[in-house]
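> no FASTA, just this:
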Ligand code: HEC
């Protein structure tokens, strides 16, 4: 009886030690960083458009992610939203440039 208890204890300890804790897989989620310039839009243009977007396009809803659609979709959305936001065509084009940097490709 005593012997079997010892054997049991030893095997339990051996079992416990055999299970090496798997290293916590540090989920280094590669953050999908939004670009801040493109071949056609400079960093300055990007920042200007972003500022306009944050000023005029966040009055009624949170800013929409440029990545939610391609430019064909965005042109429709911008045509619909520009009058709501009461922005000039020039401001609209600047916001469009800003969006184009991170919009989906067609
Ligand atoms: C006066 C309020 C108002 C302003 C300002 C405004 N929006 Fe909107 N927006 C709305 C409302 C309301 C909806 C949801 C209903 C709809 O789709 O018409 C919406 C929806 C959207 C959508 C989703 C459209 C879809 O069909 O999925 C996008 C994208 C968008 N807005 C972008 C913009 C951008 C860019 C600007 C700045 C130029 C802007 N909004 C400014 C009121 C506004």
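Perfect, I can see it now. Given the structure is predicted, the values throughout are model-derived calculations rather than measurements.
> can you list the residues of this structure near the ligand?
Selection of the chain residues close to the ligand by CB under 6 Å from any ligand atom yields 56-57, 59-61, 64, 77-78, 81-82, 84-85, 87, 95. Bear in mind the C-beta positions are built from the backbone N, C-alpha and C, glycine included.
> Who wins on neighbours among those residues?
residue 95 (27 neighbours; other CB atoms under 10 Å).
> Tell me the buried residues in whichever strand or helix holds that residue?
Element membership for residue 95, per DSSP states H and E: helix 89-100. For helix 89-100, a neighbour-count test (16 or more other CB atoms under 10 Å) marks 91-92, 94-100 as buried.
> Any chance of those residues in JSON lines with pLDDT as columns?
Output for the buried residues of helix 89-100, formatted as JSON lines (pLDDT from 0 to 100):
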{"residue": "91", "pLDDT": "98"}
{"residue": "92", "pLDDT": "98"}
{"residue": "94", "pLDDT": "98"}
{"residue": "95", "pLDDT": "98"}
{"residue": "96", "pLDDT": "98"}
{"residue": "97", "pLDDT": "98"}
{"residue": "98", "pLDDT": "98"}
{"residue": "99", "pLDDT": "98"}
{"residue": "100", "pLDDT": "98"}
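> Just send these back as a markdown table, with distance to residue 52 too.
Shown next, in a markdown table, are those (distance: CB to CB, whole Å):
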| residue | distance to residue 52 |
| --- | --- |
| 91 | 5 |
| 92 | 9 |
| 94 | 6 |
| 95 | 5 |
| 96 | 10 |
| 97 | 10 |
| 98 | 7 |
| 99 | 11 |
| 100 | 14 |
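> can you tell me which of the residues of the chain next to the ligand are in helices?
56, 77-78, 81-82, 84-85, 95 (DSSP state H).
> would you turn those into JSON lines with distance to residue 70?
Converted to JSON lines, those look like this (distance: CB to CB, whole Å):
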{"residue": "56", "distance to residue 70": "22"}
{"residue": "77", "distance to residue 70": "11"}
{"residue": "78", "distance to residue 70": "13"}
{"residue": "81", "distance to residue 70": "16"}
{"residue": "82", "distance to residue 70": "18"}
{"residue": "84", "distance to residue 70": "21"}
{"residue": "85", "distance to residue 70": "21"}
{"residue": "95", "distance to residue 70": "16"}
